[in-house]
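# next come a sequence and a model predicted from it.
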Amino acid sequence: MKILKVIPRQSIGRIKIGMNREEVYSILGMPKKQETIEWIGDYHIEYDNDKVVFIEVPNSIADTHFVLFNGVDLFGTEAKLLVKYISEYGKYDETDEELGYSYSFKTLGIGLWRPSIFEYEMINSEEFQELDEENQLDEIQNLYFESVCVFQENYYD
């Protein structure tokens, strides 16, 4: 397993905020089509004036990489615990309409997202128990975040 370090407002692995396209392509290879927002391998990258302003990776990268913030596995830590941990370093936007699904730590330049809110306490709920096994397994995946990103200052302003 490889390690991808998430450094607030700076980088995920070797891809850094502020890099130009050529630098990104020399590391990840060429995308199928050059656009403002590109998927290259496991990376989702957004550019402004040909400079990286946003980097995101999905939890599927956890099959081959540990994605770490200050030594904590971002895809292997329960969402509720992860938010609490990262909150020790910076505050998340409490006014976010998607709160629970997404957390934007603007002072850190880190974001987290999951498609559905699920907590361990919900396992015993009648609604969860009525789901078939496949749907239960899908819901349990939402205990964790599906993607993590870093972004430049003022990205969400």
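Cool, got the structure.
# every contact and neighbour count from this point should use C-alpha atoms.
Will do.
# other SSEs contacting the biggest strand by length in the chain?
Determined from DSSP state E, the single longest strand within the chain is strand 51-58. The contact analysis (3 or more CA pairs under 8 Å, 6 or more residues apart in numbering; DSSP states H and E) places strand 51-58 against strand 11-12, strand 15-16, strand 43-48, strand 147-151.
# now mean pLDDT too, for those, in a markdown table please.
Listed next are these as a markdown table, based on pLDDT from 0 to 100:
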| stretch | mean pLDDT |
| --- | --- |
| strand 11-12 | 98 |
| strand 15-16 | 98 |
| strand 43-48 | 96 |
| strand 147-151 | 98 |
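# and these as JSON lines, adding distance to Phe118?
JSON lines is the format used below for the helices and strands packed on strand 51-58 (distance: least, CA to CA, whole Å):
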{"stretch": "strand 11-12", "distance to Phe118": "26"}
{"stretch": "strand 15-16", "distance to Phe118": "31"}
{"stretch": "strand 43-48", "distance to Phe118": "25"}
{"stretch": "strand 147-151", "distance to Phe118": "15"}
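# of all the ones you listed, which one is nearest His65?
Shortest distance between His65 and these, using CA to CA, is found for strand 11-12: 11.6 Å.
# mind checking what helix or strand follows the longest strand of the chain in sequence?
Later in the chain than strand 51-58, the nearest helix or strand by DSSP states H and E is strand 65-69.
# off-centre distance for that next one?
Here the centre of strand 65-69 is set off from its chain's centre by 11 Å, with CA atoms, centre = their mean, to the nearest Å.
# just the CA atoms of the longest strand of the chain, as PDB, please.
Presented in PDB, the C-alpha positions along strand 51-58 are these (Å, rounded to 0.1, in the frame of the first residue of the first chain):
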ATOM      1  CA  LYS A  51      -3.200  26.300 -12.400                       C
ATOM      2  CA  VAL A  52      -4.600  23.600 -10.000                       C
ATOM      3  CA  VAL A  53      -7.200  25.100  -7.600                       C
ATOM      4  CA  PHE A  54      -8.900  21.900  -6.400                       C
ATOM      5  CA  ILE A  55      -7.800  18.300  -6.000                       C
ATOM      6  CA  GLU A  56     -10.100  15.400  -5.000                       C
ATOM      7  CA  VAL A  57      -9.700  11.600  -4.700                       C
ATOM      8  CA  PRO A  58     -12.500   9.000  -4.200                       C
END
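# that'll do, ta.
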